[in-house]
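>>> here is a sequence with its predicted model. Questions after.
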Amino acid sequence: MLRFLLAWLVYTWGGLHRYFGNQNHMRAEHEAAVRYFSRALRIDPGFRRARLERAILLWRELGHWEEALADLDALLEADPAYAPALFNRALVAQNNGRFAAARADLEAYLQLPDADYREEATRLLAILREIE
């Protein structure tokens, strides 16, 4: 329990850096957030929210696609039905021109009951089907 609390505090500090990075378009703040999310993961390797947030920053803000994919793959290896990781992996694949992989992830995502971004996934899947 203590390990999780410490990891959560470190994660929260990373969240502040992410917020400042988003508000001020500062790459250095996003990089700091990634470092804090990484520290939280070292403290508690099972802290999947920290891994997810790190992956999102890595691909969306910093352009580190392969590192982000490694995080998303690790999350999905641990839980193949983890909807946020599946949706984000589809976005990473789509942004890298890996349309078949993106389509497969979106189709799997839409089968999940907790698909919070169902509308967006449906729209993106329709576009990907038109491309192929």
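In hand now; what should we look at?

>>> okay, CA-based contacts and neighbour counts for the rest of this
Will do.

>>> was I right to think Arg18 contacts Ala33?
Yes - between Arg18 and Ala33 there is a contact at 5.3 Å, judged by CA atoms under 8 Å.

>>> average model confidence for the longest helix along the chain?
Secondary structure of the chain per DSSP state H: the longest helix is helix 2-24. When pLDDT is averaged along helix 2-24, the result is 95.

>>> what of stretch 81-95?
Rounded mean pLDDT across stretch 81-95 is 97.

>>> if you count neighbours, what's buried in it?
Under the neighbour-count criterion of 16 or more other CA atoms under 10 Å, stretch 81-95 has 81-94 buried.

>>> and this protein, split by domain according to the record?
1-64, 79-132 (automatic domain parsing).

>>> so can I have a markdown table of those showing distance to Ala70?
Listed next are the domains of the chain as a markdown table, based on distance: least, CA to CA, whole Å:
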| stretch | distance to Ala70 |
| --- | --- |
| domain 1-64 | 8 |
| domain 79-132 | 10 |
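
>>> mind listing the helices for this protein?
Under DSSP H, the chain gives helices at 2-24, 27-43, 48-56, 65-78, 83-95, 99-110, 118-131.

>>> look up the closest residue to Arg27, ignoring the ones flanking it.
Spatial nearest neighbour of Arg27, excluding adjacent residues (CA to CA, 6 or more residues apart in numbering): Gly21 at 6.4 Å.

>>> one more: Ala108?
Using CA to CA, 6+ apart, the closest residue to Ala108 is Leu86 (7.8 Å).

>>> quick one, what contacts that neighbour?
By CA atoms under 8 Å, 6 or more residues apart in numbering, the contact list for Leu86 reads 72, 76, 80, 105-106, 108-109.

>>> are any of those buried, and if so which?
72, 76, 105-106, 108-109.

>>> in TSV: those, plus pLDDT and distance to Leu128.
Shown next, in TSV, are the buried ones among the contacts of Leu86 (pLDDT from 0 to 100; distance: CA to CA, whole Å):
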residue	pLDDT	distance to Leu128
Leu72	99	21
Leu76	98	22
Asp105	98	12
Leu106	98	10
Ala108	97	14
Tyr109	98	15
